[in-house]
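[1] quick one: sequence and predicted model below, then my questions.
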Amino acid sequence: MITRVVKLTFKNEHVDTFIGIVQQHQLQIRNFPGCHELHCYQDISSPNIFFTISKWENDEALNHYRYSDFFKTLWATLKPMFAEKAMAHSVGMLGQPN
């Protein structure tokens, strides 16, 4: 099991649009093969910063999602709204096999 943490910083004028996109597509992402969880958090001090945290069965499942037409279309929609480059990390729990 791997956890994917992605920091997304949006231009202020796109915050509400991003929230709407998350609400519209979160079920579809959660139901993607190999996805066990998906949560989105908004920074309390900087409301234009979000973190998505998802759990995936393995790298293969995550990559299947990342290279899917669905993700490519979603990312193409989001990318112009960024104020900063997205930062993504795949992490595993210390002492646990990935």
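    Right, received. Where do you want to start?

[2] only C-alpha atoms from now on, for both contacts and neighbour counts.
    Noted.

[3] and the longest helix along the chain, how far out from the chain middle?
    As assigned by DSSP state H, the longest helix anywhere in the chain is helix 15-30. The gap between where helix 15-30 is centred and where its chain is centred comes out at 10 Å by CA atoms, centre = their mean, to the nearest Å.

[4] check which helices and strands it sits against.
    Counting contacts by 3 or more CA pairs under 8 Å, 6 or more residues apart in numbering; DSSP states H and E, helix 15-30 packs against strand 35-42.

[5] partner strands of the strand it packs on and their direction?
    Sheet partners assigned to strand 35-42 using DSSP bridges are listed as strand 49-56 (antiparallel).

[6] output the below-cut-off pLDDT ranges for this protein.
    Applying pLDDT under 70 to the chain flags the ranges 96-98.

[7] now with 80?
    Within the chain, the segments meeting pLDDT under 80 span 93, 95-98.

[8] follow-up on the earlier one: so the longest helix of the chain versus strand 35-42, what angle?
    Going by axes from the mean of the first three to the mean of the last three CA atoms, to 10 degrees, helix 15-30 is angled at 170 degrees with respect to strand 35-42.
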